[in-house]
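Chemist: Requesting a structural model of the entry that follows:
(one chain, ligands or ions: 1)
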Amino acid sequence: MIKRTMLFGTMFIFVIVTCLSLFATVAVAGKITLNYANFPPAPTFPCVQMERWKTEVEKRTSGQVEVKTFPGGTLLGAKEMMDGVIAGQADIGNICMAYQPGRFIVTNATSLPLGIGDARSGSIALLKLYEKYKPEAFKDVVVLTMFTNAPGNIMSKQPVRNMADLKGMDLRASGDSATILKAWGANPVGMPMPATVEALQKGTVKGLFSSLEVMKDFKFAENCKYITMVDAGIYPFAVIMNKDSWDKLPADVQQVMMDLKEEQAIWTGEYMDQQIKDAVAWSKEEQGVEVITLSADEKAEWDEKITFMVDDWIEKARAKGFPAEAIIKDIKAFIQ
Ligand code: DTR
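Modeler: Numbers count the residues shown, from 1 in each chain. A predicted model of the protein is given here:
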């Protein structure tokens, strides 16, 4: 009798252990790991949004998906990001579209001077534009979200109080922001944001034109003691995923990611807008930075100098077969 009980007991334990280890194998086998590449350093807003996305995806898939993040260009750099993701060197990547102006014609139209006032409205307008036109440029990837930074302002070592002060000044900018600077008489120097740190230290550039959160995130306030408020030109970003990696995901995981698409765009826009307020306060209080505001007349003159960009873009985009006027009209409507 005792022998039989022992036998049943042993069998019972065996069955339980087998079930548990089987379950564990399924759980491990079902675990999905995705590599997410990003080009700027970890404390900057494109990487902060990446960490937030990772946290949300891991939480909403109850740990079935693990996202491994690679900030600072450790997996792919700014300019190789798009092709690297298409080739599968990373499952997911974050691109700044302005770094490849000719490649993302439709979505880069958001960086024209069209009146985007902050990152929240810019991010919503950009994503809506993408959804409406589904540009060819993204045909080889799956778009997980899009967002923009806030409008650009001038950060410089010397004060810029009027357009004459800007004449010939070497300032870092890319894409349409470079065109804006040129129209104002500055000398734009193109390079991705991470390269700007060294360029400023070495004196290759005398400042930069971008959203102001970088004063704190990149500590540019240590070099640039002046901000001139011009509020012009945003940079559009996209988070893209390799198509094969996407196709391998179970439908419920894909759904989690698609549900996050718009939410993530808005979250990032709001985060960036708040970062700007914090960075400007920190720059003034802790770094003695002066914020220069142009008079209304002066500002009108600066704005006037860059209106030609929209017409230029329309002409070029139309020549390439894009419904250029409709795109501009849509962006303006989406900002509202
Ligand atoms: N202004 C663009 C985009 C940008 C703004 N903030 C950051 C931070 C990190 C990377 C890029 C950006 C630019 O100047 O590149």
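
Chemist: contacts, neighbours, all on C-alpha from now
Modeler: OK.

Chemist: Next, see if stretch 191-207 gets close to the ligand.
Modeler: Yes: Stretch 191-207 lies within reach of the ligand by CA under 6 Å from any ligand atom, at 192-193.

Chemist: what mean pLDDT would you report for that stretch?
Modeler: Averaged over stretch 191-207, pLDDT sits at 93.

Chemist: In that stretch, which residues are buried?
Modeler: Across stretch 191-207, burial judged by 16 or more other CA atoms under 10 Å covers 192-194, 196, 199-200, 205-207.

Chemist: So which of these are in helices?
Modeler: The members of the buried residues of stretch 191-207 that map onto helices under DSSP state H are 193-194, 196, 199-200.

Chemist: quick one: which of those residues is nearest to the ligand?
Modeler: Proximity of these to the ligand (CA to the nearest ligand atom) peaks at residue 193, which lies at 4.3 Å.

Chemist: my read: that closest one touches residue 44, true?
Modeler: No: using CA atoms under 8 Å, residue 193 makes no contact with residue 44, being 10.4 Å away.

Chemist: could the buried residues of stretch 191-207 go into JSON lines alongside distance to residue 263?
Modeler: As requested, the buried residues of stretch 191-207 are arranged in JSON lines below (distance: CA to CA, whole Å):
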{"residue": "192", "distance to residue 263": "27"}
{"residue": "193", "distance to residue 263": "26"}
{"residue": "194", "distance to residue 263": "27"}
{"residue": "196", "distance to residue 263": "31"}
{"residue": "199", "distance to residue 263": "35"}
{"residue": "200", "distance to residue 263": "35"}
{"residue": "205", "distance to residue 263": "37"}
{"residue": "206", "distance to residue 263": "37"}
{"residue": "207", "distance to residue 263": "34"}
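
Chemist: Okay, and the beta partners of the most centrally placed residue in the chain?
Modeler: Nearest to the geometric centre of the chain sits residue 237, at 3.8 Å (CA atoms, centre = their mean). Counting by DSSP bridges, residue 237 forms beta bridges with residue 96, residue 147.

Chemist: what pLDDT does it get?
Modeler: Per-residue confidence (pLDDT) for residue 237: 98.

Chemist: And residue 20, by the same measure?
Modeler: 42.

Chemist: List the buried residues for stretch 70-89?
Modeler: 70-73, 75-79, 81-86, 89.

Chemist: What's the end-to-end length of it?
Modeler: Stretch 70-89 has an end-to-end distance of 12 Å (criterion: CA to CA, to the nearest Å).

Chemist: of the ones in helices among the buried residues of stretch 191-207, closest to residue 149?
Modeler: For these, the closest approach to residue 149 (CA to CA) belongs to residue 193, at 12.5 Å.

Chemist: okay, now the residue nearest to that closest one when sequence neighbours are not counted: neighbour count?
Modeler: Closest residue to residue 193 apart from its sequence neighbours, by CA to CA, 6 or more residues apart in numbering: residue 40 at 7.3 Å. Residue 40: 23 surrounding residues under other CA atoms under 10 Å.

Chemist: residues from this protein in reach of the ligand?
Modeler: Near the ligand, when you scan the chain using CA under 6 Å from any ligand atom, you find 40, 44-45, 149, 173, 192-193, 210-211, 214, 235.

Chemist: Which ones among the residues you listed map onto helices?
Modeler: Among the residues of the chain next to the ligand, the ones falling in helices (DSSP H) are 45, 193, 214.

Chemist: Make sure residue 142 is indeed in a strand.
Modeler: Yes: under DSSP: H, G, I helix; E, B strand; the rest coil, residue 142 falls within a strand.

Chemist: ok, now which ones touch it?
Modeler: 240-243, 246 (CA atoms under 8 Å, 6 or more residues apart in numbering).

Chemist: Most widely separated two among the residues you listed?
Modeler: 240 and 246 (10.1 Å).

Chemist: out of those two, which sits in the busier spot?
Modeler: residue 240 (25 against 17).

Chemist: Poorly predicted segments of the protein, please.
Modeler: Low-confidence segments of the chain (pLDDT under 70): 1-29.

Chemist: ranges for the helices of it?
Modeler: Secondary structure of the chain by DSSP H: the helices cover 2-30, 45-60, 81-87, 105-108, 119-133, 163-166, 175-183, 193-202, 214-217, 243-247, 251-287, 296-306, 308-319, 324-335.
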